[in-house]
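> Sequence isn't available, so here's the structure alone:
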């Protein structure tokens with residue numbers, strides 16, 4: 001007899017009975033018996049307002065920044081304008097890798113090594129500290 005957690009997981013899409021594709025980028029999932037699972041969590045500290053929040057992996061920093069009232073400003077929310085540049089002071093490796101577009105915008109704005117666009121950076125887990133530029 002196998003444990004419930006050892007059984008294969010079938011994913012189905014909402015449009016029919018054909019199996020769907022589950023794509024998780026840098027998310028840690030802990031499977032528990034009977035199909036219950038939890039996503040990895042991360043803590044983000046906004047140094048400008050001295051607030052720390054816990055968020056699920058995959059959350060974009062700008063979404064949290066808006067809710068807690070951090071001083072990170074933004075314009076387009078698509079990575080084109082560069083107004084949401086932030087400095088990651090700790091936990092830089094706990095964010096997704098910058099995309100080609102984000103790298104381009106950061107270079108155009110002569111951003112430092114640990115600067116990121118809040119609208120593009122997604123949390124992976126662990127602890128992150130940041131502040132507006």
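Nice, thanks for sending it over. These numbers come from a predicted model, not from an experiment. Numbering: from 1, shown residues only.
> what are the ranges of the helices in this protein?
Using DSSP state H, the helices of the chain run over 61-68, 100-108.
> correct me, but residue 109 touches residue 83?
No: using CB atoms under 8 Å, residue 109 is not in contact with residue 83, being 9.4 Å away. Every C-beta, even on glycine, is put in place using the N, C-alpha and C of the backbone.
> Tell me which of the helices of the chain sits most buried.
Ranked by mean neighbour count, those are led by helix 61-68 with a mean of 18 (mean count of other CB atoms under 10 Å).
> so what does that one touch, helix or strand wise?
In terms of contacts (3 or more CB pairs under 8 Å, 6 or more residues apart in numbering; DSSP states H and E), helix 61-68 is packed against strand 41-46, strand 51-56.
> Paired strands for the last one, with orientation please.
In the sheet containing strand 51-56, its partner strands are strand 41-46 (antiparallel), by DSSP bridges.
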